[in-house]
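J.: Next input, structure requested:
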Amino acid sequence: MLLLIASLLSSHAFAIDLNRLQGDARKEYLSPQSKHEICVIPKKWQWGSYKNGDLEKENTLCGYDFYVNMGICPKYNSTNPAILLLEPSAKYDKRAIDASSCDVDAMGVKNEAKFKQSISCSYTPSILAYYHVSRLLGGAGRVPVAVIRSMDRDIHLQLTRKANKRLAGSKSEIAKTWAQYAKAHESPRDYPQLFDQTQEQVYGALVDNIKKEEYYSDVNGRGSYSSRYQRFLKQKAFLKVSSSKSAREIAGSREFSKISQDVTQMKDVGDMVLMDTLLNQQDRIGNVHYKFYWYVANGNKIDRIKSDAKIVGGKPSIPKSELEQMRGKNAAHIKEMILKDNDCGVSKENMMRKISALEKVRHFSFQTYRRFMAFERLLSAPESQSYFMNELLFSNENYRSLTQNAAKAREVLLSRCRAGSLKFDVDLENYLPGAPQPSTSCEI
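T.: Numbers count the residues shown, from 1 in each chain. Got it, this is the predicted structure:
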């Protein structure tokens, strides 16, 4: 319990002033108690690679009204508390969802987003930073969109009581943290990472909820929680990126359709290791997922097409219609990594640095390398610190940690590149038929 309280108080000495948060866009909602809740879309990193879908999702998230168009329920599973935003259905309208015991699976309603705060391992700046760092690295990890949101403290207290009533008697971790949240509500002034400076609102990150994802056992492996990172280093996925063989040798082919999965997985793992190294991720392994896609070689570009394949009996079951559609095409059916659980970072223990994961990586995306090197150089600029603190809610300590991690990562990648032990051979575009050999340089 003492560790939990210390975690809550460690990074921000003063509660946040919600009025100062403006971002790229700001929307206000009126709670039943006439409290002005906010949703803020943080400004974009100037050189980030944001897609139209990101911008649409940001606006969708800030279009969710807790009291009008979405049902709200406390989360009962996993470890960290959150408020689920549930889409009303013909069977369960908003009023029915809110009045229910919140058995989401039984109701069969869609969970569209999660409202998370800085409690237990969860940390709001981590959720926000992963989204934007992903985009400044070119979309690494396919991290879901997140925005800043607040909620009337009285409404949140009602949901906290509902969670504690449902979990009464449970010894689960989430039961303990919901109980701690109830205590925080009794003295909000002591919890500046949960409540704003008026102590009238809870604030945190509202993050898009990825659906129909699969557990990426190739990366996570299976076993005890305590040995998860040591297990990760022994998984085939990591052994590939730490191998002295070339990507073509690892895949055993030069054909686009046969090399695509290995190359994509190797890039994804390298990107994940870098991001987790930068952002002090403590709880990644066991929280890596994927979705199925088709990659089709189309001239000098790759077409991505969603797949409705499912895992049946431990193997992918691909719809016959998709196989027919891909007949005769230079296509590959692959797993795309998704890093959807990113709340336990920034102010936490850096597990990737602890196991020296980046030092072991021998295959890396040149596009990620190029973007990271440019980003690292910019971190010394005052405007960069201002961006992370004002838009992503970093503390001075958080930003200092980021700059130190980035400097270490630059040192590792640059030294391995100069020594010839870092291969830039996991950008799939370079394997398209007729693609020219890319020019790469350590000094960029």
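
J.: which residues sit in contact with S31?
T.: Listed by C-beta atoms under 8 Å, 6 or more residues apart in numbering, the contact set of S31 reads E37, F66, Y67, M151, D152, D154, I155. No exception for glycine: its C-beta is placed from N, CA and C like everyone else's.

J.: Just the pLDDT for the closest residue to N287 other than its chain neighbours.
T.: Nearest residue to N287, sequence neighbours excluded (C-beta to C-beta, 6 or more residues apart in numbering): D341, at 4.0 Å. pLDDT, D341: 96.

J.: still on that earlier bit, quick one: which of the contacts of S31 is nearest to S365?
T.: Among the contacts of S31, M151 lies closest to S365 (C-beta to C-beta), at 38.6 Å.

J.: right, and the secondary structure at the closest one would be what?
T.: Under DSSP: H, G, I helix; E, B strand; the rest coil, M151 falls in the strand class.

J.: Look up how far A237 lies from it.
T.: Counting by C-beta to C-beta, to the nearest Å, the gap from M151 to A237 is 38 Å.

J.: same deal with I311?
T.: Relative to A237, I311 is positioned 17 Å away (C-beta to C-beta).

J.: Name the residue in those two with the higher neighbour count.
T.: For I311 and A237, the more surrounded residue by other C-beta atoms under 10 Å is A237, and the numbers stand at 22 against 12.

J.: Just after whatever helix or strand the more buried one lives in, pick out the following helix or strand.
T.: Assigned by DSSP states H and E, A237 belongs to helix 236-241. Per DSSP H and E, the first helix or strand lying C-terminal to helix 236-241 is helix 247-251.

J.: In terms of secondary structure, what does that next one contact?
T.: Applying 3 or more C-beta pairs under 8 Å, 6 or more residues apart in numbering; DSSP states H and E, one finds that helix 247-251 contacts helix 256-278.

J.: Now the helix it packs on: buried residues?
T.: Going by neighbour count (16 or more other C-beta atoms under 10 Å), the buried part of helix 256-278 is 256-257, 259-278.

J.: Past it, which element shows up next along the chain?
T.: strand 289-298.

J.: who does that following strand pair up with?
T.: strand 214-215 (antiparallel), strand 301-306 (antiparallel), strand 331-338 (antiparallel) (DSSP bridges).

J.: coming back round to it: outside of the helix holding A237, which residues touch it?
T.: Applying C-beta under 8 Å, 6+ apart, the contact partners of helix 236-241 are 218-219, 232, 250, 262, 265-266, 269-270, 273, 357, 360-364, 426.

J.: do stretch 153-160 as well
T.: By C-beta under 8 Å, 6+ apart, stretch 153-160 touches 31-33, 35, 66, 72-74, 81, 83, 178, 181-182, 185, 188, 195, 199-202.

J.: Just the buried ones from the residues you listed?
T.: Taking 16+ other C-beta under 10 Å as the criterion, what is buried in these is 31, 35, 66, 72-74, 81, 83, 178, 181, 185, 188, 195, 199-202.

J.: Would you confirm that the residue nearest to N287 belongs to a strand?
T.: No - applying three-state DSSP, one finds D341 to be coil, outside a strand.

J.: Next, count neighbours for it.
T.: 23.

J.: Next, give phi and psi for it.
T.: Note on D341: backbone dihedrals following degrees, to the nearest 10 are phi -110, psi 100.

J.: And for E376?
T.: phi -60, psi -40.

J.: My understanding was that it contacts V412; is that so?
T.: No - using C-beta atoms under 8 Å, E376 and V412 do not qualify as a contacting pair, with a distance of 11.5 Å.

J.: check which helix or strand covers the closest residue to I148 other than its chain neighbours.
T.: Counting by C-beta to C-beta, 6+ apart, V40 is the residue found nearest to I148 once chain neighbours are left out, at 4.2 Å. Using DSSP H and E, V40 falls within strand 36-41.

J.: Show me what that strand is packed up against.
T.: strand 25-30, helix 52-61, strand 146-152.

J.: for the chain, what are the low-confidence residue spans?
T.: Within the chain, the stretches with pLDDT under 70 are 1-13.

J.: Let me know whether K267 touches T368 as I believe.
T.: Yes - with contacts counted by C-beta under 8 Å, K267 reaches T368, the gap being 7.4 Å.

J.: now the closest residue to K110 other than its chain neighbours: how far from N69?
T.: Using C-beta to C-beta, 6+ apart and skipping the chain neighbours, the partner closest in space to K110 is E87 (4.4 Å). E87 sits 9 Å away from N69, taking C-beta to C-beta as the criterion.
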